[in-house]
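1. Give me a 3D structure for the following:
(one chain, ligands or ions: 1)
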Amino acid sequence: MARTALITGITGQDGSYLAEHLLGLGYEVHGIVRRVALESQRQRLGRIAHLLDRVVLHPGMLESYPSIYSVVGRVDLDECYHLAAQSFVAESFDDGFSTMQTNVMGTHFVLAALKELRPRCRFYFAGSSEMFGKVREVPQTEDTVFHPRSPYAVSKVTGFHLTRNFRESYGMFCASGILFNHESPRRGLEFVTRKITSSAARIKVGRQQRLALGNLDARRDWGHAREYVAAMHAMLQQDDPDDYVVATGRTNSVRDVCECAFSVLGLDYRDYVDLDPKYYRPAEVELLIGDAAKAREQLDWEPRIGFEALIEEMVRSDLELASRGEI
Ligand code: G4F
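-> Residues are numbered from 1 along each chain as shown. Here you go, the predicted model:
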């Protein structure tokens with residue numbers, strides 16, 4: 001019999017790739033989406049438009065326990081992937097309260113509803129390398145101490161501990177992925193890689209003149225989202241629940257992204273990029289680089305797409321969109 005999975009955040013970058021991955025494995029896939037998304041499908045369901053006849057969408061909101069409870073009660077779930085969150089770090093400095101509300105309470109609501117109604121359902125929590133923040137060691141592993149540097153990161157540390165607490169207190173199968181930055185042509189336009197690739201493409205076709213950025217020296221461990229969702233699934237197939245770092249083990253600066261993206265189009269980023277203090281964060285995470293040895297050994301997971309190939313894929317996709325006037 002087909003296994004059934006629920007994805008919160010199914011309309012996002014990771015949710016859309018995960019839905020494809022699970023459908024490919026024969027799963028029955030359900031997703032929670034805001035009611036407003038069902039009413040304006042073209043704008044809000046774009047990433048899963050090609051999957052709409054193969055997934056079941058339930059209107060619901062993370063901010064409401066009754067809403068989550070009712071969806072969880074409706075479907076006999078084997079696995080739940082909790083990806084929905086306010087995931088833009090910069091925004092969390094502007095409105096820490098709603099980031100906390102959505103990310104902390106939302107996670108607690110999903111865990112509590114599963115405990116009540118589906119205690120045998122396996123649960124995945126989308127942890128983040130932002131939890132390492134002001135890093136205590138390089139590279140970061142599952143044992144590295146957290147030092148979160150933003151309301152977003154604090155919310156993810158709390159969600160991580162909640163997840164572990166449900167595992168240890170109630171014997172539920174709850175696992176967390178500590179995913180380092182992962183990008184793709186489906187990345188939101190506000191995140192730095194996509195901001196750069198979309199701007200470079202728009203500049204190339206004459207739809208934009210300049211690109212304003214913040215800290216060019218920040219370094220991240222950037223992988224491809226399509227590969228990272230396979231690790232999420234693998235975590236829920238283990239004999240015992242655990243936490244795993246998912247990363248490439250390579251770090252690049254924001255400047256490297258600029259150089260790579262513009263050079264794909266035969267341009268020099270130095271001719272177009274301006275620094276704007278508006279994009280600096282009150283507290284920055286300077287360097288992230290993960291050691292995914294545990295995922296390699298236990299999940300048999302390994303990233304194959306390198307940094308340059310990732311950025312080039314994003315640029316080429318954005319060039320098509322920019323040529324059609326869609327970005
Ligand atoms: O692309 P970013 O906004 O991603 P960030 O903050 O690293 O967070 C992303 O990855 C996390 C995993 O580690 C996720 F948990 C999180 O949800 C999200 O997906 O910024 C990357 C870096 C930062 O250091 C930022 O200061 O780029 C720097 N940056 C420089 N100029 C900029 C800009 N970031 C953005 N978004 N926009 C700029 O203009």
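2. Chain neighbours aside, what residue packs nearest to Asp243?
-> Take Asp243 and drop its neighbours on the chain: the residue closest to it by Cβ to Cβ, 6 or more residues apart in numbering is Ser176, 4.5 Å away. For glycine as for every other residue, the C-beta is placed from the backbone atoms N, C-alpha and C.
3. Surely that neighbour forms part of a strand?
-> Yes - membership of Ser176 in a strand is supported by DSSP: H, G, I helix; E, B strand; the rest coil.
4. which residues touch it?
-> Tyr124, Phe125, Ala126, Gly127, Phe160, Thr163, Arg164, Asp243, Tyr244 (Cβ atoms under 8 Å, 6 or more residues apart in numbering).
5. who wins for neighbours among the residues you listed?
-> Phe125 (28 neighbours; other Cβ atoms under 10 Å).
6. Which strands or helices does the helix or strand encompassing it pack on?
-> For Phe125, the element it lies in under DSSP states H and E is strand 122-128. Applying 3 or more Cβ pairs under 8 Å, 6 or more residues apart in numbering; DSSP states H and E, one finds that strand 122-128 contacts strand 79-82, helix 106-117, helix 151-170, strand 174-179, helix 225-235.
7. Go again with 7 Å.
-> If you count contacts as 3 or more Cβ pairs under 7 Å, 6 or more residues apart in numbering; DSSP states H and E, strand 122-128 packs onto strand 79-82, helix 106-117, helix 151-170, strand 174-179.
8. What are the contacting residues of the lowest-mean-pLDDT helix or strand in the chain?
-> Using mean pLDDT, DSSP states H and E, the weakest-scoring helix or strand in the chain turns out to be helix 41-44, at a mean of 84. Residues outside helix 41-44 that contact it (Cβ atoms under 7 Å, 6 or more residues apart in numbering) are Thr11, Ala37.
9. How far off centre is it?
-> Helix 41-44 sits 20 Å away from the centroid of its parent chain (Cα atoms, centre = their mean, to the nearest Å).
10. Can you show me the CA trace of that helix as PDB?
-> The C-alpha coordinates for helix 41-44 follow below in PDB (Å, rounded to 0.1, in the frame of the first residue of the first chain):
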ATOM      1  CA  GLN A  41      -3.200  29.500  -7.500                       C
ATOM      2  CA  ARG A  42      -1.300  31.100 -10.300                       C
ATOM      3  CA  GLN A  43       0.600  33.500  -8.000                       C
ATOM      4  CA  ARG A  44       1.000  31.300  -5.000                       C
END
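11. Following the chain past it, name the next helix or strand.
-> Counting by DSSP H and E, what follows helix 41-44 is strand 55-59.
12. Which neighbouring elements make contact with that following strand?
-> In terms of contacts (3+ Cβ pairs under 7 Å, 6+ apart), strand 55-59 is packed against strand 28-33, helix 35-39.
13. By mean pLDDT, show me the worst of those.
-> Mean pLDDT per stretch puts helix 35-39 lowest among these, at a mean of 88.
14. and the closest residue to Thr141 other than its chain neighbours, how many residues sit next to it?
-> Setting aside the residues directly before and after it, Thr141 is nearest to Asp291 in space (Cβ to Cβ, 6+ apart), at 4.8 Å. For Asp291, the count of nearby residues is 19 (other Cβ under 10 Å).
15. give me every residue that touches Asp291.
-> Pro139, Gln140, Thr141, Val245, Gly249.
16. any weak-confidence spans in this protein?
-> Counting by pLDDT under 70, the chain shows no low-confidence range.
17. tell me the domain boundaries of it?
-> 4-182+222-246, 188-220+252-284+305-323 (automatic domain parsing).
18. any idea which of those domains is most buried?
-> domain 4-182+222-246 (a mean of 20; mean count of other Cβ atoms under 10 Å).
19. May I have the distance across that domain, first residue to last?
-> Using Cα to Cα, to the nearest Å, one end of domain 4-182+222-246 lies 24 Å from the other.
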